[in-house]
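Visitor: Structure, please.
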Amino acid sequence: MLITILGWQGPVPGADGACSGYLAEDENGSAVAIDMGAGSLSRLMKAIDPRKLKAIILSHLHWDHMSDMLPLGYLAGMTDIPVYAPAQPAPAFDALTSLGWKIHPHEDMRLGDMQISFGPARHPVPCSSVRIECHGKVFVYTGDTNTHPGIADFARGADLLLADAGLREADWAENKPHLSPALCGKLALEAGVKKMVITHLSPFNDKDLLLSEASAVFPETTPAEGGLRLKV
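Guide: The predicted model follows:
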């Protein structure tokens, strides 16, 4: 399984950056896009012909995770590809369906060699974490989340954990919508994962500081960046 980072920032893209977007491919060429935030579409076009996608998963319907679905919908044949997403917030859901996207709820499924399942996340709008198992390897994406019971079990034993480090440790609070890098590290330790990539990095935060906060807890940590390709 190959994971490509298309977008890694939030809630806005930095200069030459892109918001959340990821691509998962099995060894036989089946591909699924996970999130499609601002700026991620152009990077997707570099990686694959979007019309070859088997599915698109949107972890939730905040604009920094789905806004590039709107121009993507203009590409002939794209709206025949199933999209798996929550039905709320209504304005974002209506924007997708107005272009003809066919929206399905998050439900466990198999795409090619990839077995995909969904777990809960704690965010201001409905959101899911995503787990993909393929040929004995496991990739887990937290989606946008703060701490909550069950997330460590959902990520248990992952070969690669892609974790939401949207807040510096100094900015984190129990009622905030994201994890901090240190909390991502604690999650990785508790879940027994092998490697972690921190993502949803604010362009206004120091990436080296975020990495140091995470790697102090879990040394096998890398920051997400555009074009990063990870074999799982």
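Visitor: Phi first, then psi, for Cys134.
Guide: phi -150, psi 120 (degrees, to the nearest 10).
Visitor: Contacts only, for it.
Guide: The contact partners of Cys134, by Cβ atoms under 8 Å, 6 or more residues apart in numbering, come to 1, 26, 113-115, 232. Where C-beta positions appear, they are placed from N, C-alpha and C, glycine not excepted.
Visitor: Which among those residues count as buried?
Guide: Neighbour-count burial (16 or more other Cβ atoms under 10 Å) is assigned, among these, to 1, 26, 113-114, 232.
Visitor: Those residues in helices, which ones?
Guide: Among the buried ones among the contacts of Cys134, no member falls in helices (DSSP state H).
Visitor: Turn the residues you listed into a markdown table, including pLDDT and distance to Lys52.
Guide: Formatted as a markdown table, the buried ones among the contacts of Cys134 follow (pLDDT from 0 to 100; distance: Cβ to Cβ, whole Å):
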| residue | pLDDT | distance to Lys52 |
| --- | --- | --- |
| Met1 | 97 | 16 |
| Asp26 | 96 | 13 |
| Asp113 | 96 | 16 |
| Met114 | 98 | 15 |
| Val232 | 97 | 20 |
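Visitor: Strands - which of those land there?
Guide: Mapping the buried ones among the contacts of Cys134 onto strands (DSSP state E) picks out Met114.
Visitor: which one is the residue with the largest distance to the centre of the chain nearest to, not counting chain neighbours?
Guide: Distance from the centre of the chain peaks at Ala76, with 25.1 Å (Cα atoms, centre = their mean). The spatially closest residue to Ala76, leaving aside those adjacent along the chain, is Arg51, at 7.9 Å (Cβ to Cβ, 6 or more residues apart in numbering).
Visitor: Verify the assumption that the one you found is located in a helix.
Guide: Yes - checked against DSSP: H, G, I helix; E, B strand; the rest coil, Arg51 lies within a helix.
Visitor: what pLDDT does it get?
Guide: At Arg51 the predicted local confidence, pLDDT, stands at 93.
Visitor: Specify which member of the buried ones among the contacts of Cys134 is nearest to Ile81.
Guide: Met114 (15.3 Å; Cβ to Cβ).
Visitor: And the strands in this structure?
Guide: Under the criterion DSSP E, strands of the chain are mapped to 2-7, 21-25, 31-36, 55-57, 83-84, 103-104, 109-111, 114-120, 128-134, 137-141, 160-164, 196-199, 221-223, 229-231.
Visitor: ok, and what's touching the lengthiest helix in the chain?
Guide: If you go by DSSP H, the chain has its longest helix at helix 181-191. Contact with helix 181-191 is made by 140, 142, 147, 151-153, 155-158, 161, 163-165, 168-169, 172, 179, 196, 198, 210-211, 213-218, 220-221, as judged by Cβ under 8 Å, 6+ apart.
Visitor: And stretch 76-93, by the same measure?
Guide: 50-51, 53-58, 60-63, 66, 69, 72-73, 96, 99-107, 109, 125-128.
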